[in-house]
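Q: how does the following fold in three dimensions:
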Amino acid sequence: MLDLNALEKDKKSGLPPVHTWHPEFCGDMDLVVKANGDWIHDGDKIKRPKMVTLFSHILWYENGEYFLVTPVEKVRIQVEDAPFLVTKWRYIDTDKGQAIEFTTLTDDVVVLGEDCELWLAGEEHAERPYISMRYGMKAMLHRNVFYQLVEELVAVSTPQGNGMGLMSAEQAYLLIPDE
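A: Prediction:
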């Protein structure tokens, strides 16, 4: 089992310095992050949000696999789609003007155009919206969040083309290209 006693929070970000830890691989853990944001351990949903948040803070992505990492242990877990789920958004004022701030189910907060990028992925007519997260991971936008953002679309011009998209921190994100 994972020893959580060794965790010490990074004072600036509130996140432990996972990127500085290099423990040996200890094996697999029966933990799955479902596409809907649920964390399932030994077949049961983890019902304590603080426990899920703690696990999300020690999540590491390496060579296409996900691990929970402490200074002394590294265990592999499974992730169905994205390990994070964006459940809230809002406009904020930044040094670069108005920006979109996203909050995940595990209380991570990132700003589009400053801390993260936005893209659509998947099959044509079934694309899903994602943002980039720490350590090369990604978060999927909850359907309600995406529908709310669709109401905010404006005309944009990007290196990928022109069409409808979002503006955040002086950056344009093309979501619906012109035909």
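Q: domain ranges for this structure, per the record?
A: 4-79, 84-177 (automatic domain parsing).
Q: return the most buried member of the ones you listed.
A: domain 84-177 (a mean of 16; mean count of other C-beta atoms under 10 Å). C-beta coordinates here come from the backbone N, C-alpha and C atoms, glycine included.
Q: endpoints of that domain, how far apart?
A: Terminal residues of domain 84-177 lie 27 Å apart, using C-alpha to C-alpha, to the nearest Å.
Q: distance between that domain and the chain's centre?
A: Offset of domain 84-177 from its chain centre (C-alpha atoms, centre = their mean, to the nearest Å): 11 Å.
Q: between the domains of the chain, which gets the lowest average pLDDT?
A: When those are compared by mean pLDDT, domain 4-79 comes last with a mean of 89.
Q: so how far is that one from its chain's centroid?
A: Domain 4-79 sits 13 Å away from the centroid of its parent chain (C-alpha atoms, centre = their mean).
Q: so the one residue sitting closest to the centre of the chain versus M164, what's the distance?
A: For the chain, the residue nearest the mean C-alpha position is A139 (2.8 Å; C-alpha atoms, centre = their mean). If you measure A139 against M164 using C-beta to C-beta, to the nearest Å, the figure is 22 Å.
Q: same thing with L54?
A: 39 Å.
Q: equivalent analysis for A99, please.
A: As for A99, its distance to M164 is 18 Å (criterion: C-beta to C-beta).
Q: try Q78
A: Taken as C-beta to C-beta, the span from Q78 to M164 is 36 Å.
Q: do the same with T20
A: Using C-beta to C-beta, T20 is found at 42 Å from M164.
Q: what do you get for T70?
A: 45 Å.
Q: next one: R48
A: For R48 relative to M164 (C-beta to C-beta), the value is 41 Å.
Q: which neighbouring elements make contact with the lengthiest strand in the chain?
A: Identified as the longest strand of the chain according to DSSP state E is strand 84-94. Applying 3 or more C-beta pairs under 8 Å, 6 or more residues apart in numbering; DSSP states H and E, we find strand 84-94 packed against strand 97-104, strand 138-141, helix 143-150.
Q: rebuild those as CSV, extending it with distance to P16.
A: Below are the helices and strands packed on strand 84-94 laid out as CSV (distance: least, C-beta to C-beta, whole Å):
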stretch, distance to P16
strand 97-104, 17
strand 138-141, 19
helix 143-150, 27
